[in-house]
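Trainee: all I have is the shape, not the residue letters:
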């Protein structure tokens, strides 16, 4: 059984740029959730994808968007990057609303 | 809106001493409560969930709906318990939204 993987591990961007983060879900899982974890904080829910559609969203602006593919992998896209977007981005996969399994995260630094 | 509060950023205990990590939540309905743990250089992983009533690695947590608390306890701390612990609340309403606390770092002193 393969666990949740994320790429890239680290990323440095400048303000105003766009970024795409990727997540491969665990085998047998059909739901992917994305979280933002700022330094010293707990993860904050961004959105969740189920059957290739966004089915829930936290308090994040529209410039945070995503995709889920037929193989249940997912992308998180952030447009017009701001300094405050610097954080660890976590992906978690699950089978519907069962236990979520987390990936190692992508560390994004915005300069 | 749901909220999870972990009042302690850092908790230091001696090896063999009892541990209690505090967690309080606010939500008007019936949430599902979890404890997640993150060991050094490892990913976030589920420690336990209240519906399973399991004891994992000697840790237990009881949901107290009257006090809206879900404190994590262990009678005798081990050095390998040193880690970051997050309390989390899940609400299902078409999708599963998990709200995390800010975390408590547990440091077990040998």
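Mentor: Received the coordinates, thanks. Just so we're clear, the structure is a prediction, and the values are computed from it rather than from any experiment. Numbering: from 1, shown residues only, chains lettered A, B, ... in the order given.

Trainee: is the helix or strand bottoming out on mean pLDDT in chain A in proximity to chain B?
Mentor: Taking mean pLDDT, DSSP states H and E as the measure, chain A has strand A:53-57 as its least confident helix or strand, at a mean of 90. Yes. Counting by Cβ under 8 Å from any Cβ of the partner chain, chain B has neighbours in strand A:53-57: A:55-56. For glycine as for every other residue, the C-beta is placed from the backbone atoms N, C-alpha and C.

Trainee: residue A:2 contacts residue A:25, doesn't it?
Mentor: No. Contact criterion Cβ atoms under 8 Å: residue A:2 and residue A:25 do not qualify, at 9.2 Å.

Trainee: pick out whichever of these two has more residues nearby.
Mentor: residue A:25 (27 against 9; other Cβ atoms under 10 Å in any protein chain shown).

Trainee: residues touching that one, list them.
Mentor: The neighbours of residue A:25, taking Cβ atoms under 8 Å, 6 or more residues apart in numbering or on different chains as the test, are A:4, A:31-32, A:72-74, A:91, A:93.

Trainee: what of residue A:17?
Mentor: residue A:81.

Trainee: give me the mean pLDDT for the very next helix or strand once past the least confident helix or strand of chain A.
Mentor: For strand A:53-57, the following helix or strand on the C-terminal side (DSSP states H and E) is strand A:64-68. Per-region confidence: strand A:64-68 scores 96 on mean pLDDT.

Trainee: buried stuff in strand A:64-68?
Mentor: Judged by neighbour count using 16 or more other Cβ atoms under 10 Å in any protein chain shown, the buried positions of strand A:64-68 are A:64, A:66-68.

Trainee: is chain B contacted by that strand?
Mentor: No. Against chain B, strand A:64-68 shows no contacts by Cβ under 8 Å from any Cβ, the least distance being 12.7 Å.

Trainee: ok, that strand: who's next to it in the sheet?
Mentor: strand A:74-78 (antiparallel) (DSSP bridges).

Trainee: what about the strands in chain A?
Mentor: A:5-7, A:10-13, A:19-24, A:31-37, A:44-50, A:53-57, A:64-68, A:74-78, A:87-94, A:101-102, A:106-110 (DSSP state E).

Trainee: contacts for the longest one, please.
Mentor: Around strand A:87-94, the neighbours that count as contacts under Cβ under 8 Å, 6+ apart are A:4, A:6, A:21, A:23, A:25-26, A:29, A:31-39, A:43, A:72, A:74, A:76, A:100-103, A:105-108, B:44, B:96.

Trainee: neighbours of the residue lying closest to residue B:44 once chain neighbours are set aside, just the number please.
Mentor: Of all residues not flanking residue B:44 in the chain, residue A:102 sits nearest, at 4.3 Å (Cβ to Cβ, 6 or more residues apart in numbering or on different chains). Residue A:102 has 22 neighbouring residues, counting by other Cβ under 10 Å.
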